[in-house]
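Peer 1: Take a look and give me a structure for this.
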Amino acid sequence: MQLWYPREERGLAQGVSHSASRLGGAIAPPLVVAIMIHFGWREVFYICGGIGLLWSILWYFSYRNLPEGHAWASRAEIEYIRGTDEKGNVKQIDIRRNRLCLGGFCSGLQICGQSCSATLPMGIVCGSF
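Peer 2: Numbers count the residues shown, from 1 in each chain. Okay, here's the model as predicted:
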């Protein structure tokens, strides 16, 4: 996701991806049972295998590891994904105003504080400090 989505859109893309995988897991069992009831258990394997094969072929011809290698990605779109301007300079963000950076910093402080408050007294009591 990091290679295909700009920094501002990665959370939404990852959320949609995870939600779609859970939705597929919820929809597939009733569909498989319906196929099994109407056509038999062997046809479940043929139909699911056929869908998987078609999906694999589509994925093979459309997927590229980097947007620069994809024929449908324009130069402007690649600059937007990479966070660069027309000169190729990386756009800087102010981490002091970025809520994600602030949240990560506070989370790190909390973990460090919990670790120190739990292990420091134990080390003193056990004499291994």
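Peer 1: Next, the closest residue to residue 32 other than its chain neighbours: phi, psi?
Peer 2: Closest residue to residue 32 apart from its sequence neighbours, by CB to CB, 6 or more residues apart in numbering: residue 44 at 5.4 Å. C-beta coordinates here come from the backbone N, C-alpha and C atoms, glycine included. Per-residue torsions, residue 44: phi -60, psi -40 (degrees, to the nearest 10).
Peer 1: residue contacts, residue 44?
Peer 2: 32, 35, 36 (CB atoms under 8 Å, 6 or more residues apart in numbering).
Peer 1: Also residue 64?
Peer 2: Residue 64 touches residue 70, counting by CB under 8 Å, 6+ apart.
Peer 1: roughly how far apart are it and residue 5?
Peer 2: Taking CB to CB, to the nearest Å as the measure, residue 64 falls 14 Å from residue 5.
Peer 1: And for residue 40?
Peer 2: 42 Å.
Peer 1: Over to residue 77?
Peer 2: Distance from residue 77 to residue 5, by CB to CB: 11 Å.
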